[in-house]
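Participant: Okay, sequence plus prediction incoming.
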Amino acid sequence: MEKKKLLLDCDEVICFSGFLEAVNEFMWTNYVIDDFTDYYIDEAVIPPERMAEFNKFLNGRNMYENAHILPGAIETIKRLSEEYDIYILSSCVNPFDIKGSGRMFADKYNFLIENLPFIKPGNFIFTSAKHLFKADVKIDDRLPNFEGDEVEVKILFPSYHNKDITDEELATAGVVRAGYDWRTGWDNVLEILLSLNDNRDESLSGRSL
């Protein structure tokens, strides 16, 4: 039987890149990820007049060299790969450094092949146009990334910046939340998908042949 297709984001879902560490090093601060509620950490911390300086500071830095893999991510993704054909759907464009963004493609690619060797590199899709892709399941940490999707099951992965999204907003978008804490996000994702599969199997077994 053909596997179902699962679209999976990378940043803030599989891992936290070294971006926060770079911000702390640049600003001589000691922020942790849960200190933030806005997605763009640099805009929350770095004064606008120093943004160009910060982008130069990032030049040549590999954000994925010491990325923090989220708890349970690799083990759960590997388990899901037995049932789903998994595609990594992730952006690599830094709007503040368009010319230097090509380096991020290579760094993220190398991170993925090292940590997810059970997923074919041909299944890596680097794009910001996530709405163009159709699948059975999609997992992402940003609600706007679900807009326009032809996806049966949409799962919002919990992150520092999406805790305030209301149940009404999720219901309108047809998205289910995998909890509120990124530390247990992958446990919740697995529970959601296993529950869906169990309900589907019960439905099929109850049909008359």
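Facilitator: Done, it's in. Numbering: from 1, shown residues only.
Participant: What segments of this structure are helices?
Facilitator: Using DSSP state H, the helices found in the chain span residues 19-27, 41-45, 51-58, 73-80, 101-115, 167-173, 185-205.
Participant: would a markdown table of these with mean neighbour count, mean pLDDT and distance to residue 4 be doable?
Facilitator: Every residue, glycine included, has its C-beta placed from N, CA and C. A markdown table is the format used below for these (neighbours: other C-beta atoms under 10 Å; pLDDT from 0 to 100; distance: least, C-beta to C-beta, whole Å):
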| stretch | mean neighbour count | mean pLDDT | distance to residue 4 |
| --- | --- | --- | --- |
| helix 19-27 | 17 | 96 | 32 |
| helix 41-45 | 17 | 93 | 34 |
| helix 51-58 | 14 | 89 | 38 |
| helix 73-80 | 17 | 97 | 10 |
| helix 101-115 | 16 | 90 | 21 |
| helix 167-173 | 12 | 95 | 21 |
| helix 185-205 | 15 | 76 | 10 |
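Participant: Residue 179 is nearest to which of the ones you listed?
Facilitator: helix 185-205 (4.2 Å; C-beta to C-beta).
Participant: quick revisit: I'd like the helices of the chain laid out as TSV, including distance to residue 160.
Facilitator: Below are the helices of the chain laid out as TSV (distance: least, C-beta to C-beta, whole Å):
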stretch	distance to residue 160
helix 19-27	10
helix 41-45	9
helix 51-58	20
helix 73-80	16
helix 101-115	20
helix 167-173	17
helix 185-205	11
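Participant: looking at those, which is closest to residue 139?
Facilitator: Distance to residue 139, taken as C-beta to C-beta, is lowest for helix 185-205 among these, at 6.3 Å.
Participant: looking at the helices of the chain, which is closest to residue 65?
Facilitator: Residue 65 lies closest to helix 101-115 among the helices of the chain, at 7.4 Å (C-beta to C-beta).
Participant: How far does that closest one sit from its chain's centre?
Facilitator: 14 Å (C-alpha atoms, centre = their mean, to the nearest Å).
Participant: and that helix, what other elements does it pack with?
Facilitator: Using 3 or more C-beta pairs under 8 Å, 6 or more residues apart in numbering; DSSP states H and E, the elements in contact with helix 101-115 are strand 124-126.
Participant: Could you list the buried residues of the strand it packs on?
Facilitator: Buried residues in strand 124-126, counted by 16 or more other C-beta atoms under 10 Å: 124, 126.
Participant: Report all helices and strands that it contacts.
Facilitator: Contacts defined by 3+ C-beta pairs under 8 Å, 6+ apart place strand 124-126 against strand 84-90, helix 101-115.
Participant: residues in contact with the longest one?
Facilitator: In this case it means helix 101-115. Contacts of helix 101-115 from elsewhere in the structure, counted by C-beta atoms under 8 Å, 6 or more residues apart in numbering, are 10, 14-15, 60, 62-65, 67, 69, 74, 88, 90, 92-94, 119, 121, 124, 126.
Participant: do that again at 6 Å, thanks
Facilitator: Under the contact criterion C-beta atoms under 6 Å, 6 or more residues apart in numbering, helix 101-115 has outside partners 62, 64, 88, 92, 93, 94, 121, 124, 126.
Participant: so who does the second one touch?
Facilitator: Meaning residue 64. With contact taken as C-beta under 6 Å, 6+ apart, residue 64 is in contact with 17, 107, 108, 111.
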